[in-house]
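Asks: pasting the structure only:
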């Protein structure tokens with residue numbers, strides 16, 4: 001049945017891997033999987049030395065599959081115990097990897113280290129023959145396609161529910177509460193934070209929440225439209241009045257802007273602004289794909305006031321053509337004799353250095369279009385700007401997500417404080433290539449009493465992220481650290497591919513990352529991130 005010879009004369013030792021996702025049916029329960037694996041092991045006189053279980057975990061990637069990563073890293077590669085085979089119910093329990101080559105690669109790692117995988121309920125022999133390879137590839141593709149199809153069905157259902165004017169998933173935006181409705185659209189109670197409706201035919205609508213929050217939303221629009229105050233000044237005013245922000249901490253310019261751009265405050269149900277499917281990258285959808293239902297909820301501001309706010313945004317940041325940006329850059333070049341990100345930032349130009357990079361790829365590309373060739377060392381300065389911009393954007397995203405998790409965040413100049421106790425800073429470093437070796441440099445400022453440093457490794461001159469280090473500063477002695485590609489367990493122990501571990505330290509990460517195996521299509525765009 002398998003490449004490993006199964007007979008009464010061979011006493012094999014095995015590690016059993018079991019996985020059930022939150023969307024699996026009862027027949028895929030851990031109990032049923034174990035029964036099938038135990039029966040197979042008994043028939044073939046295989047001794048199971050360890051059971052590794054991921055219960056309620058998606059099989060789309062290795063992320064959050066603690067037992068699976070333990071299987072590969074500690075048992076297969078690390079040789080934690082002596083065994084010859086891995087017992088898995090079927091190909092889908094191994095994983096529904098969207099890239100079937102990833103699934104095959106993980107099997108290859110096991111085989112390379114002398115561990116054969118036995119799928120106990122599959123009909124193919126797993127003997128590495130041509131036919132076996134073809135059948136297994138088809139099975140892997142079917143496992144991946146299952147998740148895609150199910151995700152399409154869930155998205156279609158969610159779009160239908162949203163088009164009927166109901167709320168689909170996610171915490172309510174600031175100023176609103178979620179109300180459960182029965183089939184007659186009658187209220188049957190308010191959902192508190194973290195609660196979900198338990199009856200399938202119930203629906204959820206938004207209603208104005210606490211009076212202070214609703215009044216704050218109205219004050220924000222009033223200060224922005226009637227009093228013509230910029231977002232930063234509005235944040236200062238609210239902080240001076242000690243008004244709690246959506247996350248319970250201080251107001252920021254970004255938090256104000258998100259509320260002012262949130263169409264839901266006019267009473268419209270807005271859905272599908274942003275889509276994230278099957279653990280893939282998050283993408284912002286064009287407006288013609290949004291689901292917008294005017295008058296679905298009680299409005300906190302009138303459509304006229306909201307439209308006035310959007311007009312102000314448009315006047316302050318008009319949509320320019322490429323040629324219009326180039327003409328303004330020519331004017332700056334004529335006035336200063338050179339161009340830099342700082343010159344653009346401090347000018348009256350209606351665009352920022354970041355928007356120029358997004359439009360033309362890099363600042364240097366734009367400079368060359370206006371006929372100016374920067375000095376040779378200018379690329380280093382631009383990369384430095386990119387790194388600083390990355391640090392700023394990541395810090396803002398961390399603060400936003402932690403506030404959505406219900407934590408109090410106090411933002412300082414170069415770091416932020418979680419619940420008045422833990423100081424966190426973000427440091428990014430671009431790669432340095434010297435003598436054929438990659439290095440990343442970080443300098444720690446001990447004067448700020450930082451508890452956790454999130455050190456980001458950037459891979460190229462476009463500031464593309466590679467991975468993260470979560471350094472507990474009490475364990476770091478040096479003020480300057482040079483990180484190589486591989487560093488040994490003393491440093492690589494703190495290396496992570498994502499920030500899920502960081503969020504997990506402070507609460508339920510599903511509040512900000514509610515992904516499921518069937519796919520994810522929540523309206524987590526600019527609007528919803530205001531809550």
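Replies: Sure thing, it's come through. A quick note: this is a predicted structure, and the numbers were derived from the prediction, not measured.

Asks: the helices in the stretch 351-500 of the chain, which residues?
Replies: 353-360, 363-369, 378-404, 489-492, 500-504 (DSSP state H, counting those that start in this stretch).

Asks: Could I get the full set of helices for the stretch 1-150 of the chain?
Replies: Using DSSP H, counting those that start in this stretch, helices in the stretch 1-150 of the chain cover 30-43, 66-70, 91-94, 100-112, 130-163.

Asks: what sits against residue 450?
Replies: Going by Cβ atoms under 8 Å, 6 or more residues apart in numbering, residue 450 touches 415, 423, 424, 425, 444, 473. Every C-beta, even on glycine, is put in place using the N, C-alpha and C of the backbone.

Asks: Just flag the most distant two among those.
Replies: Distances among the contacts of residue 450 were taken as Cβ to Cβ; the most separated pair is 424 and 444, at 12.8 Å.

Asks: which residues are common contacts for those two?
Replies: With Cβ under 8 Å, 6+ apart as the test, residue 424 and residue 444 both reach 450, 453.

Asks: okay, now residue 18: neighbour count?
Replies: 23 (other Cβ atoms under 10 Å).

Asks: Contact partners for it?
Replies: 30, 33, 34, 37, 51, 52, 53, 54, 88, 89, 93.

Asks: As TSV, these with distance to residue 458 and neighbour count would be great.
Replies: Formatted as TSV, those follow (distance: Cβ to Cβ, whole Å; neighbours: other Cβ atoms under 10 Å):
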residue	distance to residue 458	neighbour count
30	41	16
33	42	26
34	44	16
37	44	24
51	40	17
52	35	19
53	37	16
54	32	23
88	37	24
89	41	24
93	37	23
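
Asks: from the residues you listed, which single one is nearest residue 315?
Replies: Nearest member of the contacts of residue 18 to residue 315, counting by Cβ to Cβ, is residue 54, at 52.7 Å.

Asks: Break the chain down into its structural domains.
Replies: Domain segmentation of the chain under automatic domain parsing yields 13-149, 210-316, 322-374, 389-530.

Asks: Need the max-distance pair from the contacts of residue 18.
Replies: 37 and 54 (14.4 Å).

Asks: hang on, the earlier thing: Throw the domains of the chain into a markdown table and include mean pLDDT and distance to residue 180, thanks.
Replies: What follows is the domains of the chain, written out as a markdown table (pLDDT from 0 to 100; distance: least, Cβ to Cβ, whole Å):
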| stretch | mean pLDDT | distance to residue 180 |
| --- | --- | --- |
| domain 13-149 | 74 | 22 |
| domain 210-316 | 81 | 14 |
| domain 322-374 | 81 | 42 |
| domain 389-530 | 75 | 19 |
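
Asks: mind putting these in CSV, distance to residue 172 included?
Replies: Formatted as CSV, the domains of the chain follow (distance: least, Cβ to Cβ, whole Å):
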stretch, distance to residue 172
domain 13-149, 23
domain 210-316, 9
domain 322-374, 31
domain 389-530, 9
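
Asks: partner residues bridging residue 458?
Replies: residue 430, residue 465 (DSSP bridges).

Asks: Residue 431 is in contact with that one, correct?
Replies: Yes. Counting by Cβ atoms under 8 Å, residue 458 touches residue 431, with 6.5 Å between them.
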